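Participant: Mind folding the following:
(2 chains)
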Amino acid sequence: MSRTYVIPLGAQHVSLLEPIRFLFTVENERIASVEADIGFVHRGIELACATKFKFKQVPYVVARVCGLCAVVHSTAYVTAVERLMKIETTRRTKWLRIVANELDRIQSHFIALGHTSECAGFEALFMACMKDRETALELTEAFTGNRMQFDYVNIGGVNRDLTPEMALLMKKKLSLLKNRVNDLQELFMSNWSLSLKYKGIGVVSLEDAQRFNATGPIARASGLATDLRVEADMLPYGDVGFELALETAGDIHSRNVVRLRELANSIRMIENILDGLPVGDIEVPVKGNPDGDAISHIEAPRGQCIYMVRGNMTSTLDRVKIQAPTFANIPVIVNAFVGEEYGNAPPILASFDPCLSCTAR
Amino acid sequence: MFRALGLAFKNLVRKPVTRNYPAEKLPKAARYRGLVLWKKEKCISCFICEKACPPGAILFTQNVETGEVEFHLNPYLCIYCGECVRACPDRSNALTQSEELADAGISADQINSSWSALEISAADSKLKYRARKKDKK
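Facilitator: Now for the predicted structure:
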């Protein structure tokens, strides 16, 4: 005999970092259908960008869209405005922007891995991940001057240069971090109790990933080879040794593996940049006001982040449209729950690493 | 298993990785982004920093008689981005970013509660001074 229950998850729940509400319709233990409500943290940032702030101040406003991927939003915005105003930034600027974005990706992936292991009941691994994330945060503090909310990029350049002492410190800490990532990789790959909660659970098939237009590590874990770091030419990722991390299983385990491989690749890229940073200025003078439309695509830690900017020859913009990665991934997340056991809902949700401040903005 | 036991024993006698925070000060990164400092004698009263500040944490009030300016910074509104310092024509002389932090207690000088009134009076004083200057000519 089967009975149907409706169970809400959220808006406040231990497996959630930010408020989102799911309504699960459960038949015995299996999830039959899911509804999602995502608009709990709407702050009207798009409107504020187009009314209250001047276009040179907006990089600092859009950085407040999200705490975890702050620099991605600023980078996407400034590249869009630079396209609009036909500003060619120096090569050094672009490489330094990559360093900031990759440091951001490292700390974001660590929190995602830790959170997934916590939801699988492995509290000690969560703490280990957060301890390693601390190393990444110390690096960002040394590099940009702040642990979170880097405020590192501005229109035409970056805010501070990389000094040789800083590069030395970063290299030292990155080599420590590299060993830790290797240890974690071994643990995530071979731990038997983790595999019970991870392998074959929350599967997103390649067809589903294509049909719902998944992005980021979720798409790459299902075998969909999409990454804006190679597809778009906003930042020169090809020059610094980018490798695409691709898995095919599509379950929680392969999403973790994609994140771990991306961590290793990010560390390698930063080391390459530190070795061969081009010399030059870090700022280009900006004159005039933007006019017309421009779009920029940047790969955020969670997927593609798209900005549309429209100027009108005044210092205030007409429109700033933000397409955040989690917003594009919500249909995939909802679909992946169906057919799973309700007890597996928290780890599945955590493995998607949803960022709801980005989604609702 | 022996490896795990060895590790457990090592962790038992090892010093803690955390710091004894309130008693022991945390190390600060070099070039930490702290309070913005203003030097009166170097300032040319162009007010560019006031216009550039994203959250509007900088205000200048102007003496209507003498035209002397006074700098107000709200450290609890400031996001420490350093945009004002980069906008300053006399960068690193008139306006600098120190490594000092503001006091943790907002109630110490009540700057937040009087900030909106200061915003109005700052704009007002500048308008009055400009009108007076025009009249003199």
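
Participant: In the chain, spot the helix with the most residues.
Facilitator: The chain I'm using is chain A. The residue-count maximum for a helix in chain A (DSSP state H) belongs to helix A:91-119.

Participant: I was after chain B.
Facilitator: Longest helix in chain B, counting by DSSP H: helix B:115-136.

Participant: Name the nearest residue to the residue nearest to the spatial centre of chain A, sequence neighbours excluded.
Facilitator: Note on chain A: the residue nearest the mean C-alpha position is residue A:301, at 2.2 Å, using C-alpha atoms, centre = their mean. Ranked by C-beta to C-beta, 6 or more residues apart in numbering or on different chains and with sequence neighbours excluded, the top spatial neighbour of residue A:301 is residue A:108, at 3.8 Å. Every C-beta, even on glycine, is put in place using the N, C-alpha and C of the backbone.

Participant: In contact with residue A:231, which residues?
Facilitator: By C-beta atoms under 8 Å, 6 or more residues apart in numbering or on different chains, the contact list for residue A:231 reads residue A:297.

Participant: Tell me the confidence at it?
Facilitator: Note on residue A:231: pLDDT of 80.

Participant: what's the neighbour count on residue 44?
Facilitator: Chain wasn't specified; assuming chain A. Using other C-beta atoms under 10 Å in any protein chain shown, residue A:44 has 11 other residues around it.

Participant: Sorry, I should have been clearer: chain B.
Facilitator: 11.

Participant: Over to it. Which of the three states is it?
Facilitator: Under DSSP: H, G, I helix; E, B strand; the rest coil, the three-state class of residue B:44 is coil.

Participant: do the same with residue A:293
Facilitator: Residue A:293 is classified as strand under three-state DSSP.

Participant: related to what we said a few turns ago, tell me who's in contact with the residue nearest to the centre of chain A.
Facilitator: A:68, A:69, A:72, A:104, A:105, A:108, A:109, A:112, A:216, A:353.

Participant: and residue A:136, what helix or strand is that in?
Facilitator: helix A:123-144 (DSSP states H and E).

Participant: Can you show me the strands along chain B?
Facilitator: B:36-38, B:58-62, B:69-73, B:95-97 (DSSP state E).

Participant: now the chain, which segments are flagged as low pLDDT?
Facilitator: You didn't say which chain, so I picked chain A. Chain A contains residues with pLDDT under 70 at A:1, A:15.

Participant: wait, chain B
Facilitator: B:103-110.

Participant: Residue numbers of it in contact with chain A?
Facilitator: B:17, B:29-33, B:51-55, B:79-83, B:86 (C-beta under 8 Å from any C-beta of the partner chain).

Participant: From those, keep the buried residues only.
Facilitator: B:29, B:31-33, B:52-55, B:79-83, B:86 (16 or more other C-beta atoms under 10 Å in any protein chain shown).

Participant: Farthest-apart pair in those residues, please.
Facilitator: Greatest spacing in these, by C-beta to C-beta: B:29 and B:52 (24.7 Å).

Participant: what residues does chain A put near chain B?
Facilitator: Going by C-beta under 8 Å from any C-beta, the residues of chain A near chain B are A:53-54, A:56-57, A:60-61, A:131, A:138, A:141-142, A:145-146, A:149, A:151, A:154, A:159-160, A:165-166.

Participant: quick one: which of the residues you listed sit in helices?
Facilitator: Within the residues of chain A next to chain B, residues falling in helices by DSSP H are A:60, A:61, A:131, A:138, A:141, A:142, A:165, A:166.

Participant: Just put those residues in CSV and tack on distance to residue A:45.
Facilitator: Formatted as CSV, these follow (distance: C-beta to C-beta, whole Å):
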residue, distance to residue A:45
A:60, 12
A:61, 7
A:131, 32
A:138, 29
A:141, 25
A:142, 29
A:165, 36
A:166, 31
